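[1] next comes the sequence, and after it the predicted model I'd like to discuss.
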Amino acid sequence: MIRIMKHSDLTQCGMIYSKAFPIEHWGIDWTTENATEYLKDFFEQKRFVGYVYEENNEVIGCIFALCKISGSRQELYINEMAVLPERQGCGIGRQLLEAVKDYSKDNGLAGIVLYTSRYAPASAFYEKNGFKLSDGTICMYFQ
């Protein structure tokens, strides 16, 4: 079942995140503790929108988003989404995306934006769920 995220879900979400993004694939050594702190920063934002997928009082997946104002428009930015690896491919991620799509529609937002790695399987998942590559935007960084 999908429900709105509570503060008490953060540790479970941190555990899920650390398992879903292992160092072997992502190059970051996530632990439950540092992932929980990372996700807590999103949770504490003023316009945070978050949902969890729960079965038998256990959180299996989570999505962290933030409503942002861009000029005269408001958009929902998906910051993070994670599902326990052993439960991926069961429709949980799709249901979490549907929850934020419904939120966006119900609140009259302009759309939903997210960033993901071109080299990760996530891009195919998002495309399968109706997301498209954005024309005219690039990602830049400074090191």
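    Okay, I see it.
[2] tell me which residues form a beta bridge with residue 65?
    Beta bridges link residue 65 to residue 49, residue 78, judged by DSSP bridges.
[3] thought it was touching residue 79?
    Yes: counting by Cβ atoms under 8 Å, residue 65 touches residue 79, with 6.2 Å between them. The way it works is simple: take the backbone N, C-alpha and C, and place the C-beta from them, glycine included.
[4] more neighbours: which of these two?
    Legend: neighbour count by other Cβ atoms under 10 Å for residue 65 and residue 79, higher for residue 65 (27 against 19).
[5] tell me the contacts of the more buried one?
    Taking Cβ atoms under 8 Å, 6 or more residues apart in numbering, we find residue 65 in contact with 48-50, 76-79, 100, 103, 112.
[6] could you redo the last one with a cut-off of 10 Å?
    Residues in contact with residue 65 (Cβ atoms under 10 Å, 6 or more residues apart in numbering) are 42, 45, 47-51, 75-81, 96, 99-100, 103-104, 112-114.
[7] what does the pLDDT read for residue 124?
    What the model reports as pLDDT for residue 124 is 66.
[8] now for residue 65 and residue 79: what residues contact both?
    By Cβ under 10 Å, 6+ apart, the residues touching both residue 65 and residue 79 are 42, 45, 48-50, 114.
[9] poorly predicted segments of the chain, please.
    By pLDDT under 70, the low-scoring segments of the chain are 117-126, 129-131, 133-134, 136-143.
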